[in-house]
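Visitor: here is a sequence together with a model predicted from it:
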Amino acid sequence: MFLPKITFAEQYQLQLIVDLSELDDVDTDALWLEPLASPANNGEFFVGKDNGRVYLTNQSSINNQETILNLALTSDSQAFISLTAMTLHPSFTRPEHSGYATIFTAHTTQFDPKTNINRLTLDDTNISFGFETVITAWQYDFDKQKIEPKTKREVLRIPINEESSGIRNLSFDPYQKSWNIDYGQLYFSLNHINELNDEPLYSGVILRIDPHVFGALNYTVLDTNPFIKDSQISNEIVVMGIQNIERFFWAKNDHASIFIQHNNDEQYRLSKAILGDNLLTQPKSTILRQQPNDMSAMLLYQGRDLINLRDKMVSFKRLNNKWHLSSLALTPLNDEIPIFEEIISKYPLSAISDLNIYQDNKGEIILFDNNESKMYSLSLTISKAIELSSMESNTMTDESNRYVLHISLLTGLLLLLLFVYRKKRQQDKTDLLINKDNLRFEYEPTTQTIKLFKANQNKSYKTLALCDIIRCEILLNNNIINTISEQPNNALNNQIEADMRAIFSNEYYAKLEDENSRHIELVLSVKGNSFRVSLYLRRGSSRITATKYHEVIDILFDLCWGISKCINLKDTETRIIPIVKYFHPNMKVSPKQYSKTQQIKHDKIEGSIQEPANHKSKVSQSENQEKSQTELVDALDKLVNLHQQGYLSGEEFRLAKIKLLK
């Protein structure tokens, strides 16, 4: 008899997508920077070299690869030293946003004591600085496919004492949504400076700024930056004590954390930090992996094409004269051995190849060979090897009987597996399990307490007093849409509630495909701990949580107003419960009521909303009061509708409301 033994071997292959080795003006001695995938067109990349040249490349034709900026020519040629980093604003292709068509570069230049505009200064130090690292914003012309030198805007400059200490990492969190408070915040890193060993200044740190013009400065700092209240630490710093930083990156569903590859005292580490951490004083638990030798450049793969690599740390390493893909589960990294799988490629990858791993605009893996000036995409192929082993039999009858028996067993097993598979698929459509780490809750307004329950358990796991909460984050589909904290701007007010209700309404009326989910969560932080709580969960047409969507929203706001009063009573407004809580985002205004579609000015508001009139009639005073209250409610109703439909700005809404309630 012959029994098939089937083995599946995963093979990864490289596909050449961009060849920059044939460019006429490429300086072979210059080093390539990280390629930036253009969000405007698939297959296009912005790539730069440290000599200051920036190219737009297209995988379809070598003729489309042109120099779009020569930084050395647009700067003082004697002062310019090298281009060190580039990045695109997350609103690069969104004309309605302020970051539209904006490219940021970082370069090293000679220190000029006369140029002190936008300089992040070091006070009370005797260090002699010979260089500076400079961040510049440029506008890209989509029609001409050029960066116009006249659009140059210097954002920030920082003095450094060594040429190699300039900014090497310049990036935006790619997973922030436009309504998140941290959207459009520019992160960059500075390596360790020995002379600043005992001072908590910008040495071995990650910094964060808002790169838009603000007042007399070309940038500003959010009041959510963690060290903003510490006078000894620069407000721009968000993580410190990292020493020498190689790269940093984010996870799609964890905006508060940042992954950092760095080396401290010849120990190469991959660490996970929270904004506000000092890694020199943090416990060892922040170190995910550590080794004495160089660590290959890693990224957290969160694309869709390579399912078996999703949420794993991926890198490339040369073993036994062959290149291998290394993958490692995110946790626990220190207790696992990486899985190495060979790379198949018809393109030669030699021992001198300098491979770096990056991602394109869809989160898929690309490799860049700095030595060969070539860029590759990575794909998965599955090869099936079938080996046949024979078994001897005394008689043809016995062989036939065994064959029938095995076929019957295999058929039964396949039917059983098919039944289990279909049962599980059916169950998944109607019962999406909440992550075991998530919690559900019960809010007790009378006692001002929250009871937390683990998934599928009826006994309370933890009880929180409302005033023990020091921070509350509201998440919709794993994206933070608002934060309540002790910061003045993070106190809840009526405008914030209206804005969030608009977001929830848009989400409610958005079509939800069967494979997609809708999830509302809270992250409640107390001293020394935080709890992630699920309020609402739906997949497709199946609601997993018991409470309805609109009921959850009402409970959520009742709770958040209570938390805001406990955390920040001084800056929390008196709540005005909106009369129209939910509205369809496509709801139109009646042309009989409003003839203009543009934004209504204050004088129009005052003319359309009148205070209740005192009618001189024979009705009683109580009837007049009742009618006045009814008119006031109607006027508020109209005002809320105008605001939620976009006809009133937030400021106009506030002023009109104050006038109405006088």
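Guide: The structure has been received and is ready for your questions.
Visitor: please count neighbours and contacts with C-alpha atoms only from this point.
Guide: Will do.
Visitor: OK, contacts around the spatially closest residue to residue 369 that is not a sequence neighbour?
Guide: Closest residue to residue 369 apart from its sequence neighbours, by C-alpha to C-alpha, 6 or more residues apart in numbering: residue 355 at 4.6 Å. Counting by C-alpha atoms under 8 Å, 6 or more residues apart in numbering, residue 355 makes contact with 316, 367-370.
Visitor: what do you get if the cut-off is 10 Å, keeping everything else the same?
Guide: Contact analysis of residue 355 by C-alpha atoms under 10 Å, 6 or more residues apart in numbering lists 296-297, 315-318, 323, 349, 366-372, 374-376.
Visitor: what do you get for residue 305?
Guide: With C-alpha under 10 Å, 6+ apart, residue 305 has these contacts: 362-365, 378-380.
Visitor: let me know the closest of those residues to residue 462.
Guide: Comparing the contacts of residue 305 against residue 462 with C-alpha to C-alpha picks out residue 363 as the nearest, at 38.0 Å.
Visitor: all the strands of the stretch 51-200 of the chain, residue numbers only.
Guide: Secondary structure of the stretch 51-200 of the chain (DSSP state E, counting those that start in this stretch): strands at 53-58, 66-70, 80-88, 102-110, 131-141, 146-147, 153-160, 170-172, 186-190.
Visitor: just put those in a markdown table and tack on mean neighbour count, distance to residue 568 and mean pLDDT.
Guide: Below are these laid out as a markdown table (neighbours: other C-alpha atoms under 10 Å; distance: least, C-alpha to C-alpha, whole Å; pLDDT from 0 to 100):
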| stretch | mean neighbour count | distance to residue 568 | mean pLDDT |
| --- | --- | --- | --- |
| strand 53-58 | 22 | 48 | 88 |
| strand 66-70 | 20 | 49 | 86 |
| strand 80-88 | 24 | 36 | 94 |
| strand 102-110 | 23 | 37 | 94 |
| strand 131-141 | 21 | 36 | 93 |
| strand 146-147 | 19 | 46 | 92 |
| strand 153-160 | 22 | 33 | 91 |
| strand 170-172 | 22 | 30 | 95 |
| strand 186-190 | 23 | 28 | 94 |
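Visitor: could you dump the ones you listed into TSV with distance to residue 228 added?
Guide: Below are the strands of the stretch 51-200 of the chain laid out as TSV (distance: least, C-alpha to C-alpha, whole Å):
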stretch	distance to residue 228
strand 53-58	35
strand 66-70	36
strand 80-88	25
strand 102-110	24
strand 131-141	21
strand 146-147	35
strand 153-160	18
strand 170-172	20
strand 186-190	16
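Visitor: what pLDDT is listed against residue 229?
Guide: Listed pLDDT for residue 229 reads 84.
Visitor: isn't it up against residue 222?
Guide: No - between residue 229 and residue 222 no contact is recorded; they are 11.8 Å apart, counting by C-alpha atoms under 10 Å.
Visitor: got any residues that touch both of these two?
Guide: What both residue 229 and residue 222 touch, as defined by C-alpha under 10 Å, 6+ apart, is the set residue 235.
Visitor: quick one: which of the two has more around it?
Guide: residue 222 (16 against 11; other C-alpha atoms under 10 Å).
Visitor: the more buried one and residue 181 touch, don't they?
Guide: Yes - judged on C-alpha under 10 Å, residue 222 makes contact with residue 181 at a distance of 8.9 Å.
Visitor: where does the stretch 401-550 of the chain dip in pLDDT?
Guide: Low-confidence segments of the stretch 401-550 of the chain (pLDDT under 70): 401-403, 422-438, 455-456.
Visitor: how close does the residue nearest the centre of the chain get to residue 41?
Guide: For the chain, the residue sitting closest to the mean C-alpha position, by C-alpha atoms, centre = their mean, is residue 175 at 2.2 Å. Applying C-alpha to C-alpha, to the nearest Å, the value for residue 175 to residue 41 is 19 Å.
Visitor: for stretch 314-333, C-alpha coordinates in PDB please.
Guide: Taking Å, rounded to 0.1, in the frame of the first residue of the first chain, the C-alpha atoms of stretch 314-333 are listed here in PDB:
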ATOM      1  CA  VAL A 314      10.900  40.500  11.200                       C
ATOM      2  CA  SER A 315      14.500  41.000  10.100                       C
ATOM      3  CA  PHE A 316      17.100  39.600   7.600                       C
ATOM      4  CA  LYS A 317      20.300  37.800   8.400                       C
ATOM      5  CA  ARG A 318      23.000  36.100   6.400                       C
ATOM      6  CA  LEU A 319      23.700  32.500   7.600                       C
ATOM      7  CA  ASN A 320      25.900  29.900   5.900                       C
ATOM      8  CA  ASN A 321      26.500  32.300   2.900                       C
ATOM      9  CA  LYS A 322      22.700  32.600   2.300                       C
ATOM     10  CA  TRP A 323      20.200  35.300   3.300                       C
ATOM     11  CA  HIS A 324      17.400  34.200   5.600                       C
ATOM     12  CA  LEU A 325      14.200  35.900   6.800                       C
ATOM     13  CA  SER A 326      14.000  35.800  10.600                       C
ATOM     14  CA  SER A 327      10.700  36.100  12.400                       C
ATOM     15  CA  LEU A 328       9.900  36.200  16.100                       C
ATOM     16  CA  ALA A 329       6.700  36.500  18.000                       C
ATOM     17  CA  LEU A 330       6.200  39.800  19.700                       C
ATOM     18  CA  THR A 331       6.100  38.300  23.200                       C
ATOM     19  CA  PRO A 332       8.000  36.900  24.900                       C
ATOM     20  CA  LEU A 333      10.900  37.700  22.700                       C
END
